[in-house]
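Q: let me see the structure of the following:
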Amino acid sequence: MTVVIDHRTELTLEQVAAVAQQKVRVQVAPETIDMLAERRAQVERFVSSQNVPAYGFNRGFGHNVDLAVDARHLEDLQRNLILSHAVGQGDHAPDEVVRAAMLLRAASLSRGNSGIRPVLVETLTAMLNADVIPLVPELGSVGASGDLAPLSHIAMAVMGEGDVRVNGETVHAAKAMQDGGIQPVLLEMKEGLALNNGVQFMAALSVLACQRLKDLLRAAAVNTSLTAQVMLAPDTYFRPDFHAVRPHPGAVRVADWIWRLMQDSPIRNSHKDFKVDGQVQDPYNIRCAAQVLGTCHDLVSQAEAALLVEINSATDNPIMLPNENGEYTDIVSGGHFHGMPVAVQAYNLMQALSIMTSLSHTRSVRFVDPARNKGLGRDLKWPGLSAGERAVSSGMMMLEYTSASLTNDIWGKAMPSHLFNISTNSGQEDHVSMGTTLAVRLYRTLPEAASVLAVELAYILQPWQSASGWTPSQPKWTFLNGSRTNWPTSRNA
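A: Numbers count the residues shown, from 1 in each chain. Alright, predicted model coming up:
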C-alpha cells in the first residue's frame with residue numbers, strides 16, 4: 001500500500017492513520033510536483049519584478065511585518081524564523097503523532113496555494129519513508145498562527161538541524177538525513193513560514209484520537225449489550241421502531257448495534273415474557289445508553305467531517321490565489337492558520353470520551369452494589385463462598401476505585417482550553433485557539449478511557465461466562481468491525 005499525495009484528490013483519516021501507525025509509504029504525484037514548480041516560478045517572478053512588499057517573502061514576521069528585508073538576507077529570514085520558533089517544551093510527542101503531522105503538512109503544501117518549491121513536500125515524504133522522525137516537544141503552541149513551535153521542530157529537521165529519532169535511536173538530523181540519502185533543504189522565500197504556519201500538529205493528534213474513539217465507541221456498545229443482559233434488562237430500549245420516533249442519527253445507529261447484539265441471547269430469552277424481579281424500568285445507565293452513546297457517535301461524526309475538511313486544505317499565510325491571467329500571484333494575507341475549527345472538534349472528541357467513560361463507570365459502580373446488581377452479591381464475590389471466606393475477600397471491589405480514579409482524571413483533562421484566550425505577539429495575535437494543549441490531553445486520555453471500559457468488561461465477564469458459556473470468538477460480534485457501522489468516509493458523507 002502507498003498513500004499518494006495529489007492536489008486533485010483528498011486524504012482520508014484512514015490513510016493518515018496508516019502512514020502514522022503502520023509506516024505505509026508516501027508518494028507525491030508527478031503532476032503535483034509539476035504544478036508546485038510552475039506556481040513557485042510564477043510567484044518568484046512577480047515578487048522580484050514588481051518589488052512589492054509581500055509578507056512571508058520580503059517582510060518581517062508577526063509584528064515585524066512593517067520591516068523590509070534586504071534581498072541578501074531573505075534566506076536568513078526563513079532560517080532564523082524556524083530556529084527562533086523551535087522552543088517547545090515537555091515530553092516528546094509519540095512518533096505516530098509526528099508522522100501524522102509531517103504527512104498533513106506535506107499534504108497542505110501540496111494543494112498549490114502556498115507558493116513553495118516542490119522540494120519541501122518531497123523532503124517531508126522522503127523523511128517519512130526513511131522513518132526519520134523529528135523530536136517534537138508536545139507543549140508550546142497556542143494553536144493560532146499555526147502550531148508554530150511543534151512545526152518548527154519538524155522544519156528544523158528538514159533543514160538538517162536538531163535531533164530526530166531513527167529506529168528508536170536519537171541522532172542528529174544531519175546524520176540521519178545523510179544516512180537516508182536525503183538532502184537537507186536550504187529554505188528560500190516564504191518556505192520557513194509555509195512550514196510552520198498551520199495547525200497540523202493539533203490536527204494530527206485529533207485525527208488519531210478520532211480514529212481510536214470510533215473503536216472505543218464500538219467497544220462501549222458491546223459493553224452495553226452485555227451489561228444489559230447480565231442485569232436482566234429487556235432489549236426494548238434499543239428497538240428500531242422505538243428510536244424511529246426520535247431519530248437522532250447517532251442514537252439510531254448505536255441502538256441498532258446494541259439491538260442486534262442482544263438478539264437470541266439465552267439470558268434475555270430466559271425472562272423475555274416477564275420481569276423476573278418485578279422491575280418495571282432499568283436505571284438510565286442501561287435504559288438511556290443508546291441516547292447517551294448516540295450523542296458520542298454524533299460528536300465523533302461531526303469531528304471526523306470537520307477534520308476531513310482540515311486535512312485537505314491549504315492553511316498557511318499568505319495564500320496564493322490566481323490573478324486575472326490565472327497565475328498564482330495574488331498574495332492574500334488571512335487567517336487560515338487559526339486553530340479554532342480544529343480546537344472545537346478536539347473538544348467534541350473530549351466530550352464524547354468523557355461521556356462514554358462516565359456511563360461505563362456508572363455501570364461498574366452498580367456491579368459491586370449488592371442492592372442494585374440483581375443478586376450478584378457484594379463486590380461480585382462468588383455465591384459459593386462461605387461467610388468466613390467472604391469476610392476475608394475483597395472480591396472485585398478495588399476495580400471500581402480504579403475506574404473512579406481514571407474517570408475523575410478524564411474529567412479534569414476535559415478543560416475547554418479553547419474558551420480561555422491569552423493574547424500573544426504584542427496584541428497582534430490577540431485571539432488564539434489554545435487547541436493544541438487540549439488535543440494533547442485528548443490523545444493522552446485515550447488509554448485511560450479504554451481502561452475504564454475494560455474494568456466494566458471485567459465485571460461483566462464474571463457472571464456472564466458462567467451463565468451463558470459465551471466466548472469472545474463467537475462470530476455474532478464481528479459485525480462491529482464491518483461496513484455497517486457507517487462512519488463518514490469523505491467530507492460529503
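Q: CA only for contacts and neighbour counts going forward, please
A: Noted.
Q: let me see the ranges of the strands in the stretch 151-300 of the chain.
A: In order along the chain, the stretch 151-300 of the chain carries the following strands (DSSP state E, counting those that start in this stretch): 163-166, 169-172.
Q: please compute how far the last one lies from its chain's middle.
A: For strand 169-172, the distance from its own C-alpha centre to the chain's C-alpha centre is 27 Å (CA atoms, centre = their mean, to the nearest Å).
Q: also the first one?
A: Relative to its chain's centre, strand 163-166 lies at 23 Å (CA atoms, centre = their mean).
Q: repeat for stretch 440-451
A: 11 Å.
Q: buried ones in it, by neighbour count?
A: Residues of stretch 440-451 classed as buried by neighbour count (16 or more other CA atoms under 10 Å): 440-443, 445-446, 448-451.
Q: also stretch 249-266?
A: Applying a neighbour-count criterion of 16+ other CA under 10 Å, the buried positions in stretch 249-266 are 249-262.
Q: give me the subset of those lying in helices.
A: Taking DSSP state H as the definition of helices, these contribute 249-262.
Q: figure out which of the strands of the stretch 151-300 of the chain is closest to Ala106.
A: Closest of the strands of the stretch 151-300 of the chain to Ala106 is strand 163-166, at 17.9 Å (criterion: CA to CA).
Q: and that closest one, what does it pack against?
A: If you count contacts as 3 or more CA pairs under 8 Å, 6 or more residues apart in numbering; DSSP states H and E, strand 163-166 packs onto strand 133-134, strand 169-172, helix 173-179.
Q: and it, average pLDDT?
A: In this model, strand 163-166 carries a mean pLDDT of 97.
Q: likewise for stretch 267-279?
A: If you average the pLDDT over stretch 267-279, you get 66.
Q: show me which of the ones in helices among the buried residues of stretch 249-266 is closest to Glu75.
A: Proximity of these to Glu75 (CA to CA) peaks at Gly250, which lies at 51.6 Å.
Q: measure the closest one to Met156 for me?
A: Computed with CA to CA, to the nearest Å, the distance linking Gly250 and Met156 is 43 Å.
Q: quick one on the thing from earlier: adding distance to Leu83 and mean neighbour count, write the strands of the stretch 151-300 of the chain out as JSON lines.
A: Supplementary listing: the strands of the stretch 151-300 of the chain in JSON lines, determined by distance: least, CA to CA, whole Å; neighbours: other CA atoms under 10 Å:
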{"stretch": "strand 163-166", "distance to Leu83": "13", "mean neighbour count": "21"}
{"stretch": "strand 169-172", "distance to Leu83": "15", "mean neighbour count": "14"}
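Q: would TSV of those with distance to Asn425 be doable?
A: Written out in TSV, the entries for the strands of the stretch 151-300 of the chain read as follows (distance: least, CA to CA, whole Å):
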stretch	distance to Asn425
strand 163-166	28
strand 169-172	31
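Q: and those: which comes nearest Gly198?
A: Shortest distance between Gly198 and these, using CA to CA, is found for strand 163-166: 21.3 Å.
Q: what comes into contact with the closest one?
A: Contacts of strand 163-166 from elsewhere in the structure, counted by CA atoms under 8 Å, 6 or more residues apart in numbering, are 131-135, 157, 170-173, 176.
Q: could I get the full set of helices for the stretch 1-150 of the chain?
A: Shown for the stretch 1-150 of the chain, the helices assigned by DSSP state H, counting those that start in this stretch span residues 13-22, 30-50, 74-85, 95-109, 118-129, 148-158.
Q: for the third one, output the C-alpha coordinates as CSV.
A: This means helix 74-85. Taking Å, rounded to 0.1, in the frame of the first residue of the first chain, the C-alpha atoms of helix 74-85 are listed here in CSV:
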residue,chain,number,x,y,z
LEU,A,74,15.9,36.5,2.6
GLU,A,75,17.3,33.0,3.3
ASP,A,76,18.4,34.2,6.7
LEU,A,77,14.9,35.4,7.4
GLN,A,78,13.4,31.9,6.8
ARG,A,79,16.2,30.1,8.7
ASN,A,80,16.0,32.4,11.7
LEU,A,81,12.3,32.1,11.8
ILE,A,82,12.5,28.3,12.3
LEU,A,83,15.4,28.3,14.7
SER,A,84,13.9,31.0,16.9
HIS,A,85,10.4,29.3,17.0
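Q: give me the angle between it and helix 148-158.
A: 120 degrees (axes from the mean of the first three to the mean of the last three CA atoms, to 10 degrees).
Q: who are the neighbours in contact with Gly143?
A: With CA under 8 Å, 6+ apart as the criterion, the residues that contact Gly143 are 199, 202, 338-340, 432-436.
Q: where does it land on pLDDT?
A: With respect to pLDDT, Gly143 has a value of 89.
Q: repeat for the one 3 residues further on
A: Reading off the per-residue confidence, Gly146 sits at a pLDDT of 89.
Q: where does this protein have low pLDDT?
A: Counting by pLDDT under 70, the low-confidence segments of the chain come to 50, 62-63, 66, 273-280, 379, 381-386, 388-395, 463-493.
Q: re earlier: nearest to Ser360, out of the strands of the stretch 151-300 of the chain?
A: For the strands of the stretch 151-300 of the chain, distance to Ser360 was read as CA to CA. The smallest value, 37.9 Å, belongs to strand 163-166.
Q: quick one: strands adjacent to that closest one?
A: Strand 163-166 has its sheet partners listed here by DSSP bridges as strand 133-134 (antiparallel), strand 169-172 (antiparallel).
Q: with distance to Glu324 as added columns, please give those strands in JSON lines.
A: As requested, the strands paired with strand 163-166 are arranged in JSON lines below (distance: least, CA to CA, whole Å):
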{"stretch": "strand 133-134", "distance to Glu324": "41"}
{"stretch": "strand 169-172", "distance to Glu324": "46"}
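Q: let me see the contact set for Gln200.
A: 101-102, 104-105, 146-147, 151, 311.
Q: repeat that with 6 Å
A: The contact partners of Gln200, taken as CA atoms under 6 Å, 6 or more residues apart in numbering, are 101, 104.
Q: what's the answer for the one 4 residues further on, then?
A: By CA under 6 Å, 6+ apart, the contact set of Ala204 is 97, 100-101.
Q: nearest to Ala352, of the strands paired with strand 163-166?
A: With distances scored as CA to CA, the stretch of the strands paired with strand 163-166 nearest to Ala352 is strand 133-134 (30.7 Å).
Q: of all the contacts of Gly143, which two lie farthest apart?
A: The largest distance within the contacts of Gly143, taken as CA to CA, falls between Met202 and Val432 and amounts to 13.3 Å.
Q: of the two, who's got more company?
A: Comparing Met202 with Val432 by neighbour count (other CA atoms under 10 Å), the higher total belongs to Met202, at 28 against 22.
Q: what's near enough to touch the more buried one?
A: Neighbouring residues of Met202 by CA under 6 Å, 6+ apart: 436, 439.
Q: now the buried members of the contacts of strand 163-166.
A: 131-135, 157, 171-173, 176.
Q: now for the residues you listed, which pair is the farthest apart?
A: Within these, Asp131 and His172 form the most distant pair, 13.7 Å apart (CA to CA).
Q: hang on, the earlier thing: right, and the helices of the stretch 1-150 of the chain - which one's nearest Ile460?
A: Across those, Ile460 has its closest neighbour in helix 13-22 (31.2 Å, CA to CA).
Q: so what are the structural domains in the protein, by residue number?
A: Following automatic domain parsing, one finds the domains of the chain at 2-198, 205-485.
Q: which stretch among the ones you listed is buried most, on average?
A: Mean neighbours per residue, mean count of other CA atoms under 10 Å, is largest over the domains of the chain for domain 2-198, with a mean of 20.
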